[in-house]
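Sequence plus the predicted model coming up.
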Amino acid sequence: MSRSATKILDLLRHNAGEYVSGEQISRLMDVSRTAVWKHIQGLRREGYIIESNPRQGYRLAAAPDLLLPREVSNGLKTDYIGRIIHHFMTIGSTNQEAKRFAAEDEPEGAIVVAEQQTAGRGRLSRQWFSPKTGGIWFSVILRPEVQPAEAAKFTFLGAVAVANAIRAVTGLAVEIKWPNDIHYQGRKLVGILTELHAEWDAINYIVMGIGINVNIATDVFPEEIREIATSLQRETGQTVSRQQLLRHILAQLETLYNNVKTAGFASVFTAWRHMNCTLGREVCVSSVHQRLVGVAVDIDDDGALIIRKQDGSRERVVAGDVSLRGTEETASWKNVEEG
């Protein structure tokens, strides 16, 4: 969007619901009436509904349901995360594009957001279903000054930020499945994929990709995931504002990230424990090297999952695919730990 079109949009927004004459816009912008009309047409092509009246001028009736930089920035309460937005209608993978930007020294906090992904990926290289305008598909660039061994902890930060935002916007008591999937009543809503580029002693950048099923009807999901995936629209019975939710997520990310810089990850792990659906339950963890069954009793200071096996011994799991078995135990994770 051109600078002139942005100024016209700001002017129409400032006069919310009221008509602004073409002559007034022309005078304030110091452009011709013909130029004003061309910018209005451009805004309409982007999806803005702008009503016109020969005697009264132009009025903004509605903004598009798109994650355009101007729409996301309007009301965004952050200092740096989300202040640079690279928007695409269709892209292969936001993570791939964000890694390209990061390698070109894009500042920390810049995000890549798409209305649709054609090659989105989740953990373990699984394909992520990303239909057009059905969700929030974005990646954020972070440049933390920590050792590479700390990188895995940022996926917990992302999960807590997204869960907090969803709870605030929708009221749904979503839960986090180790390490970072977000579920509601057993169905998956959100996936997070964190990738990094590092030297042996320093992180060059982290790219955190986040995919959220927002306004996707049940019959739109591919049949093979229809029973295990869900969307915020399905669970709330209402269309959820993607722009509002993304603004909340970006604000949560910045708040938690700033806190981690000064105080470490303790508060992130505490929040994760309060919202998790894994601890205190029998789980099956599958990886390339093992298949482990036991009760998940806690996470350690690195975010690894601690499993208590049937013989009473404990094993630390740093990676794997976790399946929840049976029903949640009546005891809290703390009681299971103490038992």
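Received the coordinates, thanks. Residues are numbered from 1 along each chain as shown.

which ones are touching the residue sitting nearest the centre point of the chain?
The chain has residue 210 as the residue nearest its centroid, 4.3 Å off, counting by C-alpha atoms, centre = their mean. Each residue near residue 210 by C-beta atoms under 8 Å, 6 or more residues apart in numbering is listed here: 136-140, 158, 162, 190-192, 249. Glycine gets a C-beta too; all of them are placed from N, C-alpha and C.

For it, identify the helix or strand it belongs to.
Here residue 210, judged by DSSP states H and E, is contained in strand 203-213.

Next SSE downstream of that strand?
helix 232-236.

Report all helices and strands that that next one contacts.
If contacts are counted by 3 or more C-beta pairs under 8 Å, 6 or more residues apart in numbering; DSSP states H and E, helix 232-236 sits against helix 153-170.

what is the rounded mean pLDDT of the helix it packs on?
Averaged across helix 153-170, pLDDT comes to 98.

now the angle from that helix to strand 203-213?
30 degrees (axes from the mean of the first three to the mean of the last three C-alpha atoms, to 10 degrees).

Break the protein into its domains for me.
3-62, 69-275, 282-338 (automatic domain parsing).

Deepest in the core, which of those is it.
Neighbour counts (mean count of other C-beta atoms under 10 Å) averaged over each of the domains of the chain peak at domain 69-275, with a mean of 18.

on that earlier part again, could you give the bridge partners of the residue nearest to the centre of the chain?
Note on residue 210: beta-bridge partners by DSSP bridges are residue 138, residue 192.

Would you quantify the distance from it to residue 175?
From residue 210 across to residue 175, the span is 17 Å (C-beta to C-beta, to the nearest Å).

Next, residue 113: phi, psi?
Note on residue 113: backbone dihedrals following degrees, to the nearest 10 are phi -130, psi 140.

could you point out where the stretch 1-150 of the chain is predicted with low confidence?
1, 120-127 (pLDDT under 70).

can you name the farthest residue from the center of this structure?
Computed with C-alpha atoms, centre = their mean, the residue of the chain farthest from its C-alpha average is residue 55, at 44.1 Å.

Strands along the protein, start to end?
For the chain, the strands defined by DSSP state E cover 49-53, 57-62, 85-91, 111-117, 135-142, 175-177, 181-184, 187-198, 203-213, 282-286, 291-299, 305-308, 314-317, 321-325.

Show me what the last one packs onto, helices and strands only.
Where contact means 3+ C-beta pairs under 8 Å, 6+ apart, strand 321-325 is packed against strand 282-286.

Can you list the strands that the strand it packs on pairs with?
strand 291-299 (antiparallel), strand 321-325 (antiparallel).

comparing the ones you listed, which gets the lowest mean pLDDT score?
strand 321-325 (a mean of 85).

Pull the distance from the strand holding residue 210 to the chain's centre.
9 Å (C-alpha atoms, centre = their mean, to the nearest Å).

Now do it against strand 187-198, angle only.
Between strand 203-213 and strand 187-198, the angle comes out at 170 degrees (the same axes, to 10 degrees).

right, and residue 79 touches residue 253 too?
No. Taking C-beta atoms under 8 Å as the definition, residue 79 is not a contact partner of residue 253, at 11.7 Å.

Which other helices and strands does the longest helix out of those in the chain contact?
Counting residues, the longest helix found in the chain (DSSP state H) is helix 242-263. Under the contact definition 3+ C-beta pairs under 8 Å, 6+ apart, helix 242-263 sits against helix 69-73, strand 135-142, helix 153-170, helix 266-275.
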